[in-house]
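Visitor: When you get a sec, could you give me coordinates for this:
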Amino acid sequence: MSDLEHRRRVLGERARKLAERAAKESGRAIRTQAAVVSVGSERFAFPSAAVREIVAMPKPTRLPGLPPFILGIAHCRGELVSVVDLARWFGVTTDGTPRFLLLLRAPAGLVGVTAEQVLGFRAVHEDELSPPDDASDRPVAAITKDLTALIDVDRLVADDDLLVR
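Guide: So this is what the prediction gives:
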């Protein structure tokens, strides 16, 4: 592990502990800290622990035979990652262009997920969550009161179709 990675992990852990302490003091339980992004008119929250970083959208290289929701592969900080078009995969109507790529940790490597905007980071509290719509096949763990979908990253990255090898 590089010194930079070690620092990031230490700072991330400190931030998580501070947020947990603040939540306990306020009497509200925090489910997770999350990066919130938008795609079209929809908002998605990705647990911060699963997000390695968010980068400007690189130009992906298209490969033959990929499903339409995989834009190809991209080079990010010395690694090749699959670039998943979240709008196409989730069936979100949008006129926008992806401007950001969330690099998500997966057991088989990194997976890049596109976003139009990064809205920020927030604590997601247990008391603001509702169960997801059972009819949806999206990997959603819960929905917040402001209609932000909390993504189940383990379910999302478990799809073998996401990794280009």
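
Visitor: rest of the way, CA atoms for contacts and neighbours
Guide: Will do.

Visitor: Name the surrounding residues that touch the lowest-mean-pLDDT helix or strand in the chain.
Guide: Here the helix or strand of the chain ranked lowest by mean pLDDT, DSSP states H and E is helix 3-26, holding a mean of 75. Under the contact criterion C-alpha atoms under 8 Å, 6 or more residues apart in numbering, helix 3-26 has outside partners 29-30, 33, 123.

Visitor: From those residues, pick the one nearest D146.
Guide: Comparing the contacts of helix 3-26 against D146 with C-alpha to C-alpha places A123 closest, at 13.0 Å.

Visitor: number of nearby residues for the closest one?
Guide: Neighbour count for A123, taken as other C-alpha atoms under 10 Å: 19.

Visitor: Nearest residue to it in space, please, no chain neighbours.
Guide: Distance criterion C-alpha to C-alpha, 6 or more residues apart in numbering; nearest residue to A123, sequence neighbours excluded, is Q33 at 4.5 Å.

Visitor: Mind giving me the packing neighbours of whatever helix or strand that neighbour lives in?
Guide: In the assignment (DSSP states H and E), Q33 maps to strand 30-39. The contact analysis (3 or more C-alpha pairs under 8 Å, 6 or more residues apart in numbering; DSSP states H and E) places strand 30-39 against helix 3-26, strand 42-47, strand 109-115, strand 117-125.

Visitor: Let's test this: mean pLDDT of it, rounded?
Guide: Averaging pLDDT along strand 30-39 gives 94.

Visitor: Off-centre distance for it?
Guide: Strand 30-39 sits 8 Å away from the centroid of its parent chain (C-alpha atoms, centre = their mean, to the nearest Å).

Visitor: The least confident helix or strand of the chain: which residues count as buried?
Guide: Neighbour counts over helix 3-26 (16 or more other C-alpha atoms under 10 Å) mark 16, 19-20 as buried.
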